[in-house]
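**Q** sequence and predicted structure below; questions after.
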Amino acid sequence: MKPFPLILESIKDLSTGQVQDVFKLAKSFKDGSEPEGTPFSSKGNELTDKPHFKSKTPLIATFFQEPSTRTKNSFAIAAKRLKTDYVDLAPQFSSLKKGEDLEQTFITLKYQGVNLLICRSPLEKISSKVKLPNVAYINGGDGKNEHPTQALLDAFSIIENGLDLSETTIALIGDVLHSRVAHSLMKLIPKLGGKILICGPSDWLPKGDLGPSIESVSTLEEAILRADVLYPLRIQKERHQNAVQNEDYFIKHFKVSLKKLKEMNKKPLVFHAGPFNIGVEIDQDLLDSPLFQAYNQIENSIYIRMSIIQLMLQEFGQS
Amino acid sequence: MKPFPLILESIKDLSTGQVQDVFKLAKSFKDGSEPEGTPFSSKGNELTDKPHFKSKTPLIATFFQEPSTRTKNSFAIAAKRLKTDYVDLAPQFSSLKKGEDLEQTFITLKYQGVNLLICRSPLEKISSKVKLPNVAYINGGDGKNEHPTQALLDAFSIIENGLDLSETTIALIGDVLHSRVAHSLMKLIPKLGGKILICGPSDWLPKGDLGPSIESVSTLEEAILRADVLYPLRIQKERHQNAVQNEDYFIKHFKVSLKKLKEMNKKPLVFHAGPFNIGVEIDQDLLDSPLFQAYNQIENSIYIRMSIIQLMLQEFGQS
Amino acid sequence: MKPFPLILESIKDLSTGQVQDVFKLAKSFKDGSEPEGTPFSSKGNELTDKPHFKSKTPLIATFFQEPSTRTKNSFAIAAKRLKTDYVDLAPQFSSLKKGEDLEQTFITLKYQGVNLLICRSPLEKISSKVKLPNVAYINGGDGKNEHPTQALLDAFSIIENGLDLSETTIALIGDVLHSRVAHSLMKLIPKLGGKILICGPSDWLPKGDLGPSIESVSTLEEAILRADVLYPLRIQKERHQNAVQNEDYFIKHFKVSLKKLKEMNKKPLVFHAGPFNIGVEIDQDLLDSPLFQAYNQIENSIYIRMSIIQLMLQEFGQS
């Protein structure tokens, strides 16, 4: 069996079987059949023989260069639930603009004994630009590139709703171009047999060949007609290089509301990665609707991240 | 018996008997008869059957929208002493000005598995403005409204000094109007049978009917003559809407000093919630005096908060 | 035997024997012969009889008034490895400019139950200016005065390389005057029988009698010829009172590079306390060389700090 990757930067780092392993362990954490804080190596104490792994308690660090409360907190809670030692390294923004500084920070954390590093950075595709230290590494969001753990918890939450991904169509709506969540979903959902529709102002849609499982549709109405899951995306203003799209135009044409779904007599699941800009990409009426899955996504974020951390640390202990 | 409240926003949320329960358990923590880190439910593991309470280890979060080192640290230490999992959610001040954002943060924390949320906010009476999530909730200070855990530790510290609250008079001195500690004490002390004197510049005293147990006195001298406990209050400049009271005038008429107490031949206990503005509301000579109770208050803050957290989590596990 | 000091502000607080004790325990942590999280008192539970030491789990606090990620993180990891409770008190820079405020913070931490306080401050020689509370205290860097734990881990790392300190010469290169690491090394290395060379622009060298074991040399070449260990120092621009030294001049005359070492056919160990200003005091070619010891220093920082914390808490429990 292919070993679980020690670097999770992109959905491409995972095979379909490994994605299934993540989901299976997350489900066991959620239903309580997998106890929290299990040994990280199935072969006993050999973790302690690893260089920089002298302790039996794994050490996990978050290093988030962009402000984020909810995602960092989700990783922190997952680490604590697993009874690991956890530290958060606060970034000094002034001194970490260059990849060189990022590399110094990473190697310092490695030699301080960190076994798993979770990093959020405006720098994209870090592993191709910075020499990653020999520790397990999870991408917690890199610029507008990817956010693989979010996509994994989204897919897990879709399946948990009883949908068969190979027969499911998911519509990503709005600022697809600048959304790292969208980019990870556009890799993960096709890998699991599903279909993606993308829908939004043309400036915000990726161009070029998107592969056989991804299709661009021109109106929100078409997306609603065809999709089992709607996924309105937050407008990523901070990542826009040009003048901001007219927001009124966006709201008029692409805001998802329960009212519109009722007019079209459709009941798709509605996902959102939060935080919500109510009245912009999503209406308040949907937040109060049973179709709305965001809170279930948040709950599953803990189990999915526990699962990824445990699978990675087990592999790290044996590699 | 009335169950311990799951929301402690105001002293009004507690019955007199519940206040006594808080004091009793705090005393047991302090004298060591109650072990730290006891099970949170007397009935065993049923906490794990609660929704969002899958773990046997309760998860406590602080969310402080105003800068505070000592109070947040006191709650953090109490949480650690009780062997709970603890996370601090750093506020992003720019994005949390509206109640709507506060509500999103709260519900996110709930679904991330937080069982008890401790919040400090400039927004007053949050439970009437924001839908609180179904988790235990402690008000760590809301604007100039209330700070119930501070009042509880103050009353506990008074009793610990051998005073019988039903025969005790406490003088709140200075900026009573803007002090949330004062507002909580003005509810708690009468509930426990004690009397309150308020004393300060007239702009800083609450108007209207204050009830039978609270009396306004016009001079510091009268307060000193009649009170068993003096409680000088920090001037809450950041909460003043009008021009700041003349500080020299305040110091001349309302600063509490050991020198003045000696002149009047009085030995009241002197309480302070910290931080101290030495030379403004209190003189250095008092800080060095055995009358000064602030350090005892700080020590008791840990035991009182441990007690409240434990009583709340036990109730949460059974509700 | 002289008890281990409860205040480690300067290298002068430690006897030579106590330094050896620190090294011995650090080595035991590193080779795994000393288990992590051992009892902090060899006599059992009497720690719990100490005032403010009611818990069997020691409580450690960091309070860093200057931004620092790596050093604070190193102490945090050491505290977690020892299974203590750990809190970090974030400074509110605006309100902590005066020693008076520092004193209030310290005494608050003491009464909140902190047993060991680790402090970094721009204020130098704090114990002579501020009444330290009756808790164990480690100086994590005070202005340009001292940084004793860094010097201890440096000396430990030198010895670990097989060098006999009594026959070893260490060259401190660059901004010696403003480097607290240099100042601690200039006390520690002579205490252990070693010799120090200092070398840099004359404005950055301390004047006056430096004692028999410290010698000023005028060129980098002479330092390289005579030293077993080179220790280039980061330019401490933030502590300079006058105009900054011309950086080009500094680089030309004092930058340490592998190229220069090869030209002189010398292979000294090269130490650095990080962060590295590559191309200023040190060249990239050295970072990639086996002579470079900075990562070993970082790794040892955890063991040395664990050792100091454990020795101090054991003493605190018995004093």
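**A** Sure thing, it's come through. Numbers count the residues shown, from 1 in each chain, chains lettered A, B, ... in the order given.
**Q** excluding its backbone neighbours, what's nearest the closest residue to chain B within chain A?
**A** Going by C-beta to the nearest C-beta, chain B is nearest to A:Ile298 of chain A, at 3.9 Å. Heads up, the C-betas are built off the backbone N, CA and C, glycines and all. Closest residue to A:Ile298 apart from its sequence neighbours, by C-beta to C-beta, 6 or more residues apart in numbering or on different chains: B:Tyr111 at 3.9 Å.
**Q** which strands and helices sit next to the helix or strand hosting the residue of chain A closest to chain B?
**A** Using DSSP states H and E, A:Ile298 falls within helix A:294-318. Helix A:294-318 sits against helix A:16-31, helix A:70-81, strand A:116-121, strand A:136-142, helix A:148-160, helix B:99-111, with contacts defined as 3 or more C-beta pairs under 8 Å, 6 or more residues apart in numbering or on different chains; DSSP states H and E.
**Q** quick one: it to chain centroid distance?
**A** Centroid displacement of helix A:294-318 relative to its chain, using C-alpha atoms, centre = their mean, to the nearest Å, is 11 Å.
**Q** pLDDT (mean, whole number) over it?
**A** Averaging pLDDT along helix A:294-318 yields 94.
**Q** next one, pLDDT for the most centrally placed residue in chain A please.
**A** Centroid check for chain A by C-alpha atoms, centre = their mean gives A:Gln150 as the closest residue, at 1.9 Å. A:Gln150 carries a pLDDT value of 98.
**Q** any chance you could map the helices in the stretch 151-300 of chain A?
**A** A:180-191, A:220-226, A:247-254, A:258-263, A:284-287, A:294-318 (DSSP state H, counting those that start in this stretch).
**Q** ok, A:Ser264 - contacts?
**A** Quick fix: residue A:264 reads Met, not Ser. A:221, A:224-225 (C-beta atoms under 8 Å, 6 or more residues apart in numbering or on different chains).
**Q** could you redo the last one with a cut-off of 10 Å?
**A** With contact set as C-beta atoms under 10 Å, 6 or more residues apart in numbering or on different chains, A:Met264 has these partners: A:220-221, A:224-225.
**Q** mind putting the helices of the stretch 151-300 of chain A in JSON lines, distance to C:Leu188 and mean neighbour count included?
**A** Converted to JSON lines, the helices of the stretch 151-300 of chain A look like this (distance: least, C-beta to C-beta, whole Å; neighbours: other C-beta atoms under 10 Å in any protein chain shown):
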{"stretch": "helix A:180-191", "distance to C:Leu188": "48", "mean neighbour count": "24"}
{"stretch": "helix A:220-226", "distance to C:Leu188": "69", "mean neighbour count": "18"}
{"stretch": "helix A:247-254", "distance to C:Leu188": "62", "mean neighbour count": "14"}
{"stretch": "helix A:258-263", "distance to C:Leu188": "70", "mean neighbour count": "15"}
{"stretch": "helix A:284-287", "distance to C:Leu188": "61", "mean neighbour count": "17"}
{"stretch": "helix A:294-318", "distance to C:Leu188": "36", "mean neighbour count": "23"}
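**Q** with respect to B:Val256, which of those lies nearest?
**A** Closest approach to B:Val256 among these (C-beta to C-beta): helix A:294-318, 49.4 Å.
**Q** burial check on A:Asp101, number of neighbours?
**A** Applying other C-beta atoms under 10 Å in any protein chain shown, we find 17 residues neighbouring A:Asp101.
**Q** oops, could you answer that again for A:Gly174 instead?
**A** A:Gly174 has 30 nearby residues by other C-beta under 10 Å.
**Q** try A:Ala136
**A** Counted with other C-beta under 10 Å, A:Ala136 comes out at 27.
**Q** right, and A:Ala90 touches A:Ala61 too?
**A** No. Counting by C-beta atoms under 10 Å, A:Ala90 sits too far from A:Ala61 to count as a contact (11.1 Å).
**Q** up against chain B, what does chain A have?
**A** By C-beta under 10 Å from any C-beta of the partner chain, the residues of chain A that approach chain B are A:29-32, A:35-37, A:67-70, A:72-74, A:76-81, A:83, A:86, A:88, A:90, A:274-276, A:278, A:284, A:287, A:294-303.
**Q** what residues of the least confident helix or strand in chain A by mean pLDDT count as buried?
**A** The weakest-scoring helix or strand in chain A, judged by mean pLDDT, DSSP states H and E, is helix A:99-111 (a mean of 88). Going by neighbour count (16 or more other C-beta atoms under 10 Å in any protein chain shown), the buried part of helix A:99-111 is A:101-111.
**Q** surely A:Thr71 meets A:Phe64?
**A** Yes. A:Thr71 lies in contact with A:Phe64 (C-beta under 10 Å); the separation is 7.7 Å.
**Q** what do the two both touch?
**A** Listed as contacting both A:Thr71 and A:Phe64 by C-beta under 10 Å, 6+ apart are A:118, A:120, A:140-141.
**Q** by neighbours, which of these wins?
**A** A:Ile118 leads the shared contacts of A:Thr71 and A:Phe64 on contacts (other C-beta under 10 Å) with 29 neighbours.
**Q** still on that earlier bit, which one of the buried residues of helix A:99-111 is nearest to A:Pro268?
**A** Closest to A:Pro268, out of all of the buried residues of helix A:99-111 and judged by C-beta to C-beta, is A:Leu102, at 40.1 Å.
**Q** wait, what's in contact with the closest one?
**A** A:63, A:65, A:91, A:96, A:119, A:121, A:123, A:126, A:129-132.
**Q** and the residues you listed, which are buried?
**A** For the contacts of A:Leu102, a burial check counting by 16+ other C-beta under 10 Å picks out A:63, A:65, A:91, A:96, A:119, A:121, A:123, A:126, A:130, A:132.
**Q** the last one: what's it in contact with?
**A** In this case it means A:Leu132. Here A:Leu132 is in contact with A:6-7, A:9, A:102-103, A:106-107, A:110, A:117, A:119, A:126 (criterion: C-beta under 10 Å, 6+ apart).
**Q** so the closest residue to chain C within chain A versus A:Tyr137, what's the distance?
**A** Nearest residue of chain A to chain C: A:Tyr111, at 3.9 Å (C-beta to the nearest C-beta). Distance, A:Tyr111 to A:Tyr137, using C-beta to C-beta, to the nearest Å: 15 Å.
**Q** hang on, the earlier thing: and the least confident helix or strand of chain A with strand A:136-142, angle?
**A** Here helix A:99-111 runs at an angle of 140 degrees relative to strand A:136-142 (axes from the mean of the first three to the mean of the last three C-alpha atoms, to 10 degrees).
**Q** quick check: A:Thr57 vs A:Cys199, distance?
**A** Counting by C-beta to C-beta, the gap from A:Thr57 to A:Cys199 is 47 Å.
**Q** name the residue in the two with the higher neighbour count.
**A** Under the neighbour definition other C-beta under 10 Å, A:Thr57 and A:Cys199 were set side by side, and A:Cys199 has more, 28 against 19.
**Q** ok, for the more buried one, nearest residue in space, not its chain neighbours?
**A** A:Ala223 (4.2 Å).
**Q** next up, the contacts around that neighbour.
**A** A:169-173, A:197-200, A:215, A:217, A:230-231, A:254, A:256, A:268.
**Q** just the buried residues of those residues.
**A** Looks like those have A:169-173, A:197-200, A:215, A:217, A:230-231, A:254, A:256, A:268 buried, using 16+ other C-beta under 10 Å.
**Q** among those, list the two that are farthest apart in space.
**A** A:Glu215 and A:Val256, at 18.4 Å, using C-beta to C-beta across those.
**Q** quick one, what contacts the residue of chain A closest to chain B?
**A** A:Ile298 neighbours (C-beta under 10 Å, 6+ apart): A:70, A:74, A:153, A:157, A:272-274, B:107-113.
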